[in-house]
Structures are given as structure tokens and as C-alpha cells.
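Asker: got a predicted structure here, sequence first:
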Amino acid sequence: MIEARGLARTFTTKHGTVEAVRGVDLDVGQGEIVGFLGPNGAGKSTTLRMLTTLLAPTAGTATVAGRDLRADPAGVRRRIGYVGQSGGTDPTVPAGEELRLQADLYGVPGAAGRIADLCARLDLEGLERRPAGSLSGGQRRRLDIALGLVHRPPLLFLDEPTTGLDPQSRGNLWDHIQRMRGEDGTTVFLTTHYLDEADALCDRILIIDHGRIVAEGTPAELKRRVSGDVITFEPAGGEAEAVRARQVLADRTEVREARAAGPLLRLTVEDGDKALMELVRALDAAGVEVASMRLARPTLDDVFLTVTGRSLRDEPAA
Ligand SMILES: Nc1ncnc2c1ncn2[C@@H]1O[C@H](COP(=O)(O)OP(=O)(O)OP(=O)(O)O)[C@@H](O)[C@H]1O
């Protein structure tokens with residue numbers, strides 16, 4: 001659905017040249033939900049604006065929804081949906097009319113049916129007569145998404161779709177986006193600042209920093225590749241038993257690192273699900289009684305920290 005090679009964009013300002021995006025390669029398959037994650041100023045919006053034809057690349061090539069970005073930008077525009085950060089609705093215009101205008105703009109055949117279908121699927125039924133400005137934050141984002149989907153694009157771009165929404169509306173929007181993909185096979189490419197959003201919603205994540213992709217994979221792969229899972233055992237016998245448990249387990253192949261910290265033994269392992277039972281059995285065989293155990297997976301913030309040396313929430317380095 002998206003194939004980009006060496007996509008780059010520089011801006012010339014009074015103070016010199018800003019290399020916003022420095023050669024990005026991207027491959028997004030049909031039906032995937034891909035999250036584009038990075039700190040402020042990393043180059044997310046600039047990349048998105050290039051892929052949606054709103055900004056010309058300084059270098060590189062891309063095919064988007066089967067059309068060449070440089071040779072056929074109008075073809076790209078017809079085949080994509082784009083929902084920007086601030087949305088495109090006029091607060092005074094009724095939701096149903098916004099949808100009709102958009103359908104007319106694209107010459108959508110069977111517009112009334114398409115609009116009714118979208119309203120039903122995005123929980124907008126009964127709101128068609130309400131001005132967009134009177135809708136709740138979540139309803140308005142769903143209207144934005146309906147507007148982006150009216151012309152049945154196979155590829156939908158969402159720029160920070162849930163920024164400003166309360167947790168319940170965010171979860172609700174994730175369900176809707178996943179359902180759209182499930183029912184229509186719509187490919188979704190979205191930017192986000194939220195780790196939990198990328199984790200819960202996306203099949204694959206690309207992390208961009210300083211205009212370059214620095215990591216890529218499924219949420220689980222990324223977390224495992226960079227950090228591993230962490231298993232914590234608390235032996236019933238306290239500190240001395242934690243030290244003994246460490247001796248029992250430290251040299252096992254599945255254990256990357258073993259540290260006794262007071263009454264706890266903390267193990268970093270490749271795949272926690274697989275390792276847990278084996279390790280419990282080994283402790284049992286050695287006569288170490290376990291009072292409690294915990295398996296924790298690293299967060300995407302841990303991944304980002306390892307890859308870039310700073311937290312996603314930090315300001316970008318100068
Ligand atoms: N029109 C412009 N002129 C000059 N510099 C720009 C312009 N647009 C973006 N930049 C710079 O390019 C870099 C990347 O910006 P971009 O908006 O793509 O980042 P972002 O990852 O989307 O950030 P955010 O999460 O804050 O939206 C930043 O250093 C930004 O200041």
C-alpha cells in the first residue's frame with residue numbers, strides 16, 4: 001500500500017537548513033495498521049504530509065495506494081483518506097451535511113447509502129442534524145474519520161487520532177478503527193505520541209527520531225528485541241534463598257541476566273511466557289520454595305529509551 005525509498009525533506013529558514021526527514025524507507029502492506037511513533041519534532045508530520053501529497057519531497061520516491069507520489073499526486077489523493085490533527089469540519093454545519101458535501105466532492109455513487117452505512121458503523125446515527133461544533137470530542141473524531149472514509153479509500157492516514165480525548169473515548173475509537181480494518185480491509189497509517197495507543201492498536205510500529213527510522217517491528221517484537229521480558233521471583237526463605245535461587249538459575253540458556261535484590265530475584269529472559277514454567281520447575285527441583293512471581297513485559301518507552309537514549313516524553317536533543 002505504501003512503498004517509500006529515501007524520502008527526504010529539508011526546509012530553508014532564516015537560520016539555515018532544517019533536515020526534517022532524512023531518507024525514510026517505508027513498506028506498508030494491504031490491511032495493516034501501522035503506527036508512526038516519535039518525539040516532538042522527529043519528522044512524523046512532515047513524512048505524513050509528503051505521503052498525502054500536501055508537501056513535495058526534496059528527495060526520494062514513493063508509491064502510495066498504487067500511484068506514484070511525484071508523477072500522479074491527484075491519483076494518490078483520490079485513493080487515500082486523510083484525517084488531520086485538527087479535523088476538517090465546520091462547527092456550524094450539520095454532521096450529515098458535511099458528509100454529503102464530502103461525498104459530492106468525490107462524486108461517490110450511492111452517496112446516501114454510503115453515509116448511512118458509515119454513520120451506523122461509527123456510532124453517529126441520530127447525530128446527522130447536529131452541527132459538528134455541538135458534538136462531543138469522541139463523536140467529532142468519529143465524524144472526521146467518516147469524512148475520510150466516504151469515498152471508500154483503501155488507505156487511511158490519521159494524524160494523532162486520539163489526542164485530546166478522554167481514556168474511554170480513546171479506547172472506543174481504537175475499536176472503531178480496528179473494526180473498519182476488519183470489515184473493509186482498510187489499511188491505516190497513523191501517527192501518535194502515545195505508547196499505549198501504538199501498543200493496543202497497531203500491527204506494526206515504526207519509530208522515527210531526528211528524521212530517520214530508528215526501529216521497526218510488531219509491538220511485541222520491538223519490546224522483546226530491545227529489552228527482553230522480566231521475571232521476578234520472591235523465594236519464601238527471604239534474602240538467602242534469593243541468592244541461592246540466583247545460583248540455580250543464572251547459567252540457564254534462557255536467562256540473559258540474573259540479579260538478586262534483597263528478597264527478590266530479577267531475571268531478564270528472551271521470552272517470558274516460554275521461560276516461566278521451566279524456571280519454576282528448576283527452582284522446585286532445587287528445593288527453593290517460591291512465595292510469589294511476576295512476569296512483566298517492557299513498555300515501548302523502554303524500547304525508545306534503548307534505541308534513542310532518551311525517553312519519548314523528553315524534549316528532542318538540540
Ligand atoms: N515549514 C517548516 N519550516 C521549517 N522547519 C520545519 C517546517 N516544518 C517542520 N519543520 C521542522 O522539521 C522538524 C520535523 O517536524 P515535524 O513537524 O515533522 O515533527 P513531528 O514529529 O511531527 O513533531 P510533533 O510531534 O511535534 O508534531 C522539526 O525540527 C520542525 O521544526
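Answerer: Arrived safely, thanks for sending.
Asker: how is this structure divided into domains?
Answerer: 2-217, 226-301 (automatic domain parsing).
Asker: of all of the stretch 101-250 of the chain, which residue lies closest to the ligand?
Answerer: At 6.2 Å from the ligand, residue 193 is the closest residue in the stretch 101-250 of the chain, using C-beta to the nearest ligand atom. (Glycine included, C-beta is placed from N, CA and C.)
Asker: and the pLDDT at the residue lying farthest from the centre of the chain?
Answerer: Going by C-alpha atoms, centre = their mean, the residue of the chain most distant from its centre is residue 287, 44.7 Å out. Here, the pLDDT recorded for residue 287 equals 96.
Asker: please apply the same query to the one 10 residues further on.
Answerer: According to the predicted model, the pLDDT of residue 297 comes to 78.
Asker: residues near it, how many?
Answerer: 16 (other C-beta atoms under 10 Å).
Asker: OK, contacts around it?
Answerer: 220, 223, 229-230, 272 (C-beta atoms under 8 Å, 6 or more residues apart in numbering).
Asker: swap the cut-off to 7 Å and go again
Answerer: The contact partners of residue 297, by C-beta atoms under 7 Å, 6 or more residues apart in numbering, come to 223, 229, 272.
Asker: what's the spacing between it and residue 65?
Answerer: 34 Å (C-beta to C-beta, to the nearest Å).
Asker: ok, residue 254 next?
Answerer: From residue 254 to residue 65 the distance is 44 Å (C-beta to C-beta).
Asker: what are the buried residues along the helix or strand harbouring residue 120?
Answerer: Applying DSSP states H and E as the criterion places residue 120 in helix 111-121. The neighbour-count check on helix 111-121 (16 or more other C-beta atoms under 10 Å) flags 111, 114-116, 118-119, 121 as buried.
Asker: ok, stretch 89-106 next?
Answerer: Going by 16+ other C-beta under 10 Å, stretch 89-106 has these buried residues: 89, 94-96, 98-100, 102-103.
Asker: do the same with stretch 46-56
Answerer: 46-53, 55.
Asker: do it and the ligand meet?
Answerer: Yes - remark: stretch 46-56 sits within contact range of the ligand at residue 46, by C-beta under 6 Å from any ligand atom.
Asker: what sits against residue 98?
Answerer: 89, 132, 143, 147.
Asker: among these, which one has the most neighbours?
Answerer: So for these (other C-beta under 10 Å), the most neighbours sit at residue 143, 27 neighbours.
Asker: that one is in what secondary structure piece?
Answerer: Using DSSP H and E, residue 143 falls in helix 137-149.
Asker: mean confidence for that helix?
Answerer: 90.
Asker: name the helices or strands packed onto it?
Answerer: Packing partners of helix 137-149 (3 or more C-beta pairs under 7 Å, 6 or more residues apart in numbering; DSSP states H and E): strand 80-83, helix 95-106, helix 111-121, helix 167-184.
Asker: low pLDDT regions in the stretch 201-318 of the chain?
Answerer: 225-227, 306, 308-318 (pLDDT under 70).
Asker: for residue 32, grab the count of nearby residues.
Answerer: 18.
Asker: what about the nearest residue to it once chain neighbours are set aside, how many neighbours?
Answerer: The shortest distance from residue 32 to any non-neighbouring residue, by C-beta to C-beta, 6 or more residues apart in numbering, is to residue 203 (5.1 Å). For residue 203, the neighbour count with other C-beta under 10 Å is 16.
Asker: report the contact partners of residue 203.
Answerer: Applying C-beta under 7 Å, 6+ apart, the residues near residue 203 are 32-34, 218.
Asker: same check, this time on residue 292
Answerer: With contacts defined as C-beta under 7 Å, 6+ apart, residue 292 is in contact with residue 234.
Asker: confirm it sits in a helix?
Answerer: No - looking at residue 292 with DSSP: H, G, I helix; E, B strand; the rest coil, it is strand, so not inside a helix.
Asker: what residues are bridge-paired with it?
Answerer: Beta-bridge partners for residue 292, by DSSP bridges, are residue 234.
Asker: from residue 265, how far out is it?
Answerer: Residue 292 sits 11 Å away from residue 265, going by C-beta to C-beta.
Asker: residue 297 too?
Answerer: 18 Å.
Asker: same check on residue 160?
Answerer: 41 Å.
Asker: so which of those two has more stuff around it?
Answerer: residue 265 (28 against 19).
Asker: that one contacts residue 244, doesn't it?
Answerer: No - the criterion here is C-beta atoms under 7 Å, and residue 265 misses it with residue 244 at 9.3 Å.
Asker: from the buried residues of stretch 89-106, which is closest to the ligand?
Answerer: Comparing these against the ligand with C-beta to the nearest ligand atom places residue 89 closest, at 20.7 Å.
Asker: got the phi and psi for the closest one?
Answerer: Dihedral pair for residue 89: phi -90, psi 150, per degrees, to the nearest 10.
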